[in-house]
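# Next one to model:
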Amino acid sequence: MGEQETELESMNEIGMDKITLDIEIVKITIKSLKRNTSCGVGGVPAELLKSGSEKLYELLRQIFWRCLNGDKISNDWKIGHTSAIYKKKKEGWTWNL
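You can find the predicted model right below:
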């Protein structure tokens, strides 16, 4: 019976093995964020995340790990704003993105 409980603890809600997430991956990903880009809906600039401490990276790792392994994702994280940005026309193009 104890062995079964251990197996269940290592599985997420949909019956798959839990995904592991190394803090080094979180650090590398945050460090690779582009500077001077617009903030997300939450208003947290990339520069703030990049200047974070080990404690911040660990907290973010825990949040991402929970989401990857079946915990509910906040509705705020599902919101995105898209806007068109005009770019100069390139010669030979008949339309502009």
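
# Distance check, G43 against D76.
11 Å (Cβ to Cβ, to the nearest Å). All C-beta atoms are positioned from the backbone trio N, CA, C, and that covers glycine.

# can you map out the helices along the chain?
In the chain, helices defined by DSSP state H lie at 2-9, 23-31, 46-50, 54-68, listed in chain order.

# Take the ones you listed and lay them out in CSV including mean neighbour count.
Output for these, formatted as CSV (neighbours: other Cβ atoms under 10 Å):
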stretch, mean neighbour count
helix 2-9, 8
helix 23-31, 14
helix 46-50, 14
helix 54-68, 14
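
# check contacts around the nearest residue to A46 once chain neighbours are set aside.
With Cβ to Cβ, 6 or more residues apart in numbering as the measure, L33 is the residue that lies nearest to A46, at 4.0 Å, once sequence neighbours are left out. Residues touching L33, when contacts are defined by Cβ atoms under 8 Å, 6 or more residues apart in numbering, comprise 46, 49-50.

# Next: R35.
Residues in contact with R35 (Cβ under 8 Å, 6+ apart) are 46-47, 50.

# quick one: pLDDT of it?
Confidence per residue is given as pLDDT, and for R35 that number is 85.

# so how far is K50 from it?
With Cβ to Cβ as the criterion, R35 and K50 are 8 Å apart.

# what's the distance between the residue nearest to the spatial centre of the chain and K50?
With distances taken as Cα atoms, centre = their mean, the chain has F64 as the residue nearest its mean C-alpha position (6.6 Å). With distances taken as Cβ to Cβ, F64 is found 16 Å from K50.

# thinking again about what came up before, list the contacts of the residue nearest to the centre of the chain.
So F64 contacts 21, 26 (Cβ under 8 Å, 6+ apart).

# so what pLDDT did it get?
Among the per-residue scores, F64 shows a pLDDT of 89.

# And the one 5 residues further on, by the same measure?
The model reports N69 with a pLDDT of 86.

# isn't it right up against Q62?
No. In this structure, N69 sits apart from Q62 without contact. The criterion is Cβ atoms under 8 Å, and the distance is 10.8 Å.

# Could you check how far Q62 is from K50?
19 Å.

# Pass me the low-pLDDT residue ranges in this structure, would you?
1-16, 89-97 (pLDDT under 70).

# Many thanks, have a good one.
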